[in-house]
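Colleague: Output the structure for:
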Amino acid sequence: MTSMGNTRRTVALLLSGAALAATLGSVPARAAAEPARAPGGVLKSPAAEPVPAPGWVLRPTGTDARFRGLAAVSRTGAWVAGSRGTVLRTEDGGRRWRNVSPPGAETLEFRDIEAFGEDRAVVLAIGEGEASRILRTEDGGATWTEAFRNSDPRAFYDCVTFLDRRHGLALSDPVDGKYRILSTRDGGRSWHVLPDAGMPAALPGEAAFAASGQCLAGSGPKDVWLATGGGATARVLHSSDRGLNWTVTDSTLPAGDPARGVFALAFRDRRHGIAVGGDYRTGQPSPRAAAVSRDGGRTWRQAHTPPPAYRSGVAWLPHTRSAALAVGPTGTDLTTDGGRTWRTVDSGSYDTIDCAPGAGCWAAGEKGRVARLERPGAGGRPGDPGKTAG
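Modeller: The predicted model follows:
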């Protein structure tokens with residue numbers, strides 16, 4: 001590898017790994033609680049010196065669509081999917097976005113997208129009956145093929161996840177008292193409904209939230225977890241055989257109301273998971289907005305210091321075993337101890353977050369907001385449209 005190649009790899013690791021978590025974690029608590037900002041939005045320390053910590057840098061998309069679907073491919077590549085059938089992709093770190101929306105999809109609400117590099121992606125549209133659909137592209141969005149259209153008016157699909165390039169699952173709200181699971185074994189080309197004999201009964205009023213594409217989370221070739229809300233308790237279901245059989249446990253997150261529950265899950269391996277959520281209604285308190293599991297979701301412990309408000313998305317930082325970020329309409333929070341304690345590091349509004357396995361974290365949300373995690377001024381150039389998020 002050339003010297004330039006080594007330099008680029010080092011920069012990528014610093015921006016996405018343990019060093020990133022350490023740098024973010026070093027920002028004084030006062031600075032996070034009292035976000036004084038220099039022009040451009042750079043956080044300032046109590047001594048009024050700019051803190052050279054990585055943070056979200058907005059990458060304007062040129063649209064006001066709300067992006068709840070996000071797939072990070074690399075530090076420079078990402079896909080977003082959202083309202084009005086909008087799908088965008090970038091290959092240059094968000095300096096330019098290509099509109100690759102499926103033709104005729106303007107009435108669809110895309111809430112999740114899974115991507116396998118720059119060319120192949122699967123996108124999920126939500127809604128009752130035929131509004132729930134799965135589309136697939138193999139040429140970077142130049143053409144799309146409809147792989148699944150829901151024909152059951154009782155079903156409402158919320159999110160999709162892939163365990164590898166071939167095996168994926170999609171989740172519907174309960175039908176006949178049980179969650180419905182779609183499965184693919186060919187990379188999303190075809191889908192079939194799994195039998196529900198191994199699925200526990202849903203609670204009265206229970207459902208999943210199509211808020212961030214993270215109501216399903218997978219780890220390894222067979223393990224998948226399902227997040228619920230709206231019932232008397234907010235629960236997490238786990239399958240170790242790609243969705244055929246499930247066990248269920250209560251989480252500690254707020255419940256007992258249709259607006260409360262677990263909104264997003266992230267597992268860094270088969271044992272260590274984080275759940276975030278709360279009450280999504282503006283102004284409503286969410287005093288227990290995060291929980292952590294160290295036994296594969298069999299038990300959940302409330303975060304000692306949770307995020308201060310509802311959070312809809314969560315992701316583990318690459319190249320670290322204990323750092324993660326959670327996002328929501330009122331800010332971004334960082335944990336450096338595996339989810340036990342959280343601290344707000346940004347006040348910008350985001351619905352979802354995703355980190356590429358190698359390097360690169362992205363966030364997306366309302367009014368076309370998409371941001372990349374990077375060091376202020378890094379990777380830029382004269383005329384770079386990126387702005388530090390606030």
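Colleague: can you map out the helices along the chain?
Modeller: For the chain, the helices defined by DSSP state H cover 3-16, 18-25, 29-33.
Colleague: tally of neighbours for R133?
Modeller: Residues lying near R133 (other C-beta atoms under 10 Å) number 20. The C-beta positions use only the backbone N, C-alpha and C, and glycine is treated the same way.
Colleague: Next, the contact list for it, please.
Modeller: For R133, the contacting residues are L108, L124, A125, E146, F148, R149, N150, by C-beta atoms under 8 Å, 6 or more residues apart in numbering.
Colleague: Quickly list what the fourth one is bridged to.
Modeller: Taking DSSP bridges as the rule, E146 bridges to L135.
Colleague: do the third one as well
Modeller: On the basis of DSSP bridges, A125 takes part in beta bridges with F110, R133.
Colleague: Contact partners for it?
Modeller: Contact partners of A125, counting by C-beta under 8 Å, 6+ apart, are G85, A105, L108, E109, F110, R111, A131, S132, R133, I134, L135.
Colleague: re earlier: would you list the contacts of R133 in JSON lines and tack on distance to L194 and pLDDT?
Modeller: Output for these, formatted as JSON lines (distance: C-beta to C-beta, whole Å; pLDDT from 0 to 100):
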{"residue": "L108", "distance to L194": "24", "pLDDT": "98"}
{"residue": "L124", "distance to L194": "17", "pLDDT": "98"}
{"residue": "A125", "distance to L194": "20", "pLDDT": "98"}
{"residue": "E146", "distance to L194": "20", "pLDDT": "98"}
{"residue": "F148", "distance to L194": "13", "pLDDT": "98"}
{"residue": "R149", "distance to L194": "18", "pLDDT": "98"}
{"residue": "N150", "distance to L194": "14", "pLDDT": "97"}
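Colleague: and which of these is nearest to T76?
Modeller: Nearest to T76 out of the contacts of R133 is L124 (C-beta to C-beta; 24.5 Å).
Colleague: Count residues in the vicinity of the closest one, would you?
Modeller: For L124, the neighbour count with other C-beta under 10 Å is 29.
Colleague: which residues does it contact?
Modeller: L124 touches 69, 81, 110-113, 132-134, 157, 159-160, 170, 213, counting by C-beta under 8 Å, 6+ apart.
Colleague: try 7 Å
Modeller: Contact analysis of L124 by C-beta atoms under 7 Å, 6 or more residues apart in numbering lists F110, R111, D112, I134, Y157, C159, V160, A170.
Colleague: How many residues are close by L317?
Modeller: Neighbourhood size, L317 [other C-beta under 10 Å]: 24.
Colleague: wait, it sits on C355?
Modeller: Yes: counting by C-beta atoms under 7 Å, C355 is a contact partner of L317 at 6.2 Å.
Colleague: mind checking the backbone torsions on A210?
Modeller: Dihedral pair for A210: phi -90, psi 60, per degrees, to the nearest 10.
Colleague: And the nearest residue to it once chain neighbours are set aside, what's its pLDDT?
Modeller: Leaving aside its sequence neighbours, A210 sits nearest to D158 (C-beta to C-beta, 6 or more residues apart in numbering; 4.1 Å). Looking at D158, its pLDDT stands at 98.
Colleague: For R340, see how far away D158 is.
Modeller: Remark: distance between D158 and R340 (C-beta to C-beta, to the nearest Å) = 28 Å.
Colleague: Give me the more crowded residue out of these two.
Modeller: Comparing D158 with R340 by other C-beta under 10 Å, the one with more neighbours is D158, at 25 against 16.
Colleague: quick one: terminal-to-terminal distance for stretch 217-237?
Modeller: Terminal residues of stretch 217-237 are spaced 10 Å apart (C-alpha to C-alpha, to the nearest Å).
Colleague: what about it, average pLDDT?
Modeller: Taken as a whole, stretch 217-237 has an average pLDDT of 97.
Colleague: Where does the prediction get shaky in the stretch 201-350 of the chain?
Modeller: Nowhere does the stretch 201-350 of the chain drop to pLDDT under 70.
Colleague: Now do the strands in it.
Modeller: With strands called from DSSP state E, counting those that start in this stretch, the stretch 201-350 of the chain shows them at 216-219, 223-227, 235-239, 247-250, 260-267, 273-279, 290-293, 301-302, 313-316, 324-328, 331-335, 343-346.
Colleague: can you put the ones you listed in CSV and add mean neighbour count and distance to R89?
Modeller: Shown next, in CSV, are the strands of the stretch 201-350 of the chain (neighbours: other C-beta atoms under 10 Å; distance: least, C-beta to C-beta, whole Å):
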stretch, mean neighbour count, distance to R89
strand 216-219, 22, 22
strand 223-227, 25, 26
strand 235-239, 23, 31
strand 247-250, 16, 37
strand 260-267, 27, 22
strand 273-279, 29, 26
strand 290-293, 26, 31
strand 301-302, 14, 38
strand 313-316, 26, 19
strand 324-328, 29, 20
strand 331-335, 25, 23
strand 343-346, 20, 24
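Colleague: For R321, grab phi and psi.
Modeller: Main-chain dihedrals, R321, degrees, to the nearest 10: phi -100, psi 0.
Colleague: May I have the residues that are in contact with it?
Modeller: R321 touches nothing, counting by C-beta under 7 Å, 6+ apart.
Colleague: Likewise for G256?
Modeller: Shown in contact with G256 (C-beta under 7 Å, 6+ apart): A232.
Colleague: Ok, V224 next?
Modeller: Contacts of V224 (C-beta under 7 Å, 6+ apart): T161, L163, L169, L216, A217, G218, S239, R242, G243.
Colleague: how does it look with 10 Å?
Modeller: Listed by C-beta atoms under 10 Å, 6 or more residues apart in numbering, the contact set of V224 reads 161-163, 167-169, 171, 181, 216-218, 237-243, 246, 265, 267.
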